[in-house]
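Visitor: structure for the following, please:
(one chain, ligands or ions: 1)
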Amino acid sequence: MTATIAPSRVESLASSGIESIPKEYVRLNEELTSMGNVFEEEKKEEGSQVPTIDIKDIASEDPEVRGKAIQELKRAAMEWGVMHLVNHGISDELIDRVKVAGQTFFELPVEEKEKYANDQASGNVQGYGSKLANSASGRLEWEDYYFHLSYPEDKRDLSIWPETPADYIPAVSEYSKELRYLATKILSALSLALGLEEGRLEKEVGGLEELLLQFKINYYPKCPQPELALGVEAHTDVSALTFILHNMVPGLQLFYEGKWVTAKCVPNSIIMHIGDTIEILSNGKYKSILHRGLVNKEKVRISWAVFCEPPKEKIILKPLPDLVSDEEPARYPPRTFAQHVQYKLFRKTQGPQTTITKN
Ligand SMILES: [Fe+2]
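Guide: Model (predicted):
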């Protein structure tokens, strides 16, 4: 039996003064395409751009205003499956508190953060961590993270959350509560846009009791060879919806119409992905887009992601009967969320291909 070796922290590796990165952190060949300088990529004005969706009107009392806002959201969800949300209703002040709390934690010395280390080998995935080489490719990602469930409140375990800084728990709790409300608003609009009852998608993903919000802070240290490094490998999110904040350092790329498009940094926005769960329920009408993360030499990148996930076993995910017909047969077999995650992991270990899972 081999002893479990604690994963090394990317932060420690990055600050050790290395000029080339260990081979485990290099992307597979087929993924080394268009790995330009992310700051240059972000400035490009030509070509496709991730849509920006103003959602202040999606709950408007005026049916005309509401209808128009819902159609805009629908178009973005069908064409891209990812968008910048503006006027989302969460205050800049609360968002700043969440960012400051996460950043302050990551500024602690590695030894301090290790006190919160998770133990993936024992199945304890919550806490401070780095990716383990558990896939067939043996690849590692150039990031450390902090991960925990943040909502509903009766399912979270505050003993796993950072105690430092003191505002971490209040800020992340409040933010999670507000995001949960935003998720309901979005799910309602996505339901109406498909001709479904307003509360349908919300109910299908578990409702207030069962939909889980998983909070993850991704910390990407500066990297000596960003043109080779695997920041985040190409994947689609398994969630229903994913909401992302970042520290205005570019890095997210979307695979749109055969090309990698770099997302611009839009002030005060929240990036939202449609995940596989909604793609399946909508029988492919809404899209879960392939995306990846790039790192850079000059700046640390931090992102704060909230994955809204259905319960692992309680719900069978399958295209809604209302959206299936002879002309549009079901495109996905019924499966639980846990089975879907397993299915994607299995495909991933079957050899190189790009559609692979990860949150
Ligand atoms: Fe993702």
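Visitor: just the residues contacting the helix or strand residue 209 falls within, thanks.
Guide: Taking DSSP states H and E as the criterion, the element that holds residue 209 is helix 207-210. The list of residues contacting helix 207-210 from outside it, by Cβ atoms under 8 Å, 6 or more residues apart in numbering, reads 152, 180, 184, 310, 311, 314, 315. (C-beta placed from N, C-alpha, C; glycine too.)
Visitor: need the contact list for the last one.
Guide: Listed by Cβ under 8 Å, 6+ apart, the contact set of residue 315 reads 204, 205, 206, 210, 336, 337.
Visitor: A helix includes residue 172, no?
Guide: Yes. The assignment for residue 172, made by DSSP: H, G, I helix; E, B strand; the rest coil, places it in a helix.
Visitor: quick one: low-confidence ranges for the stretch 1-150 of the chain?
Guide: Across the stretch 1-150 of the chain, the stretches falling below the confidence threshold (pLDDT under 70) are 1-7, 133-137.
Visitor: break down it into its strands, ranges please.
Guide: With strands called from DSSP state E, counting those that start in this stretch, the stretch 1-150 of the chain shows them at 52-54, 82-86, 127-130, 144-151.
Visitor: so what pairs up with the closest residue to residue 245 other than its chain neighbours in the strands?
Guide: Closest residue in space to residue 245, ignoring its immediate chain neighbours: residue 304 at 4.3 Å, by Cβ to Cβ, 6 or more residues apart in numbering. Each beta-bridge partner of residue 304 is listed here: residue 217, residue 245, as defined by DSSP bridges.
Visitor: out of the contacts of residue 315, flag the one nearest to residue 246.
Guide: residue 205 (24.7 Å; Cβ to Cβ).
Visitor: the closest one: how many residues sit nearby?
Guide: Look at residue 205: counted by other Cβ atoms under 10 Å, it has 26 neighbours.
Visitor: kindly report the same for residue 300.
Guide: Taking other Cβ under 10 Å as the criterion, the count of residues near residue 300 is 18.
Visitor: now swap in residue 212 and tell me
Guide: Other residues near residue 212 come to 21 when the count uses other Cβ under 10 Å.
Visitor: could you pull up phi and psi at it?
Guide: For residue 212, the backbone dihedrals (degrees, to the nearest 10) come out as phi -100, psi 130.
Visitor: how about the contacts made by it?
Guide: Residues in contact with residue 212, defined by Cβ under 8 Å, 6+ apart, are 149, 151, 152, 155, 206, 308, 309, 310, 311.
Visitor: the nearest residue to residue 81 once chain neighbours are set aside: how many residues sit nearby?
Guide: Spatial nearest neighbour of residue 81, excluding adjacent residues (Cβ to Cβ, 6+ apart): residue 287 at 3.5 Å. Residue 287: 20 surrounding residues under other Cβ under 10 Å.
Visitor: report the buried residues of stretch 47-59.
Guide: Neighbour-count burial for stretch 47-59, counted by 16 or more other Cβ atoms under 10 Å, picks out 49, 50, 53, 55, 57, 58.
Visitor: can I get those in TSV with distance to residue 107?
Guide: Written out in TSV, the entries for the buried residues of stretch 47-59 read as follows (distance: Cβ to Cβ, whole Å):
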residue	distance to residue 107
49	33
50	30
53	33
55	33
57	39
58	37
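Visitor: if we can go back for a sec, and of the contacts of residue 212, the nearest to residue 122?
Guide: Closest approach between the contacts of residue 212 and residue 122, by Cβ to Cβ: residue 149, at 17.1 Å.
Visitor: residue 157 versus that closest one, what's the distance?
Guide: Residue 149 is 7 Å from residue 157, where distance means Cβ to Cβ, to the nearest Å.
Visitor: before we move on, what about residue 276?
Guide: Separation of residue 276 from residue 157 (Cβ to Cβ) stands at 26 Å.
Visitor: cool, residue 225 as well?
Guide: From residue 225 over to residue 157 (counting by Cβ to Cβ), the distance is 38 Å.
Visitor: so the residue nearest to residue 245 sits against residue 242, correct?
Guide: No. Taking contact to mean Cβ atoms under 8 Å, the distance of 11.1 Å between residue 304 and residue 242 leaves them out of contact.
Visitor: residue 192 belongs to a strand, doesn't it?
Guide: No. For residue 192, which was evaluated using three-state DSSP, the result is helix, with no strand membership.
Visitor: does it touch residue 70 like I think?
Guide: Yes. If you go by Cβ under 8 Å, residue 192 and residue 70 touch, sitting 5.7 Å apart.
Visitor: quick revisit: including distance to residue 171, could the strands of the stretch 1-150 of the chain go into JSON lines?
Guide: Putting the strands of the stretch 1-150 of the chain into JSON lines (distance: least, Cβ to Cβ, whole Å) gives the following:
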{"stretch": "strand 52-54", "distance to residue 171": "25"}
{"stretch": "strand 82-86", "distance to residue 171": "20"}
{"stretch": "strand 127-130", "distance to residue 171": "18"}
{"stretch": "strand 144-151", "distance to residue 171": "11"}
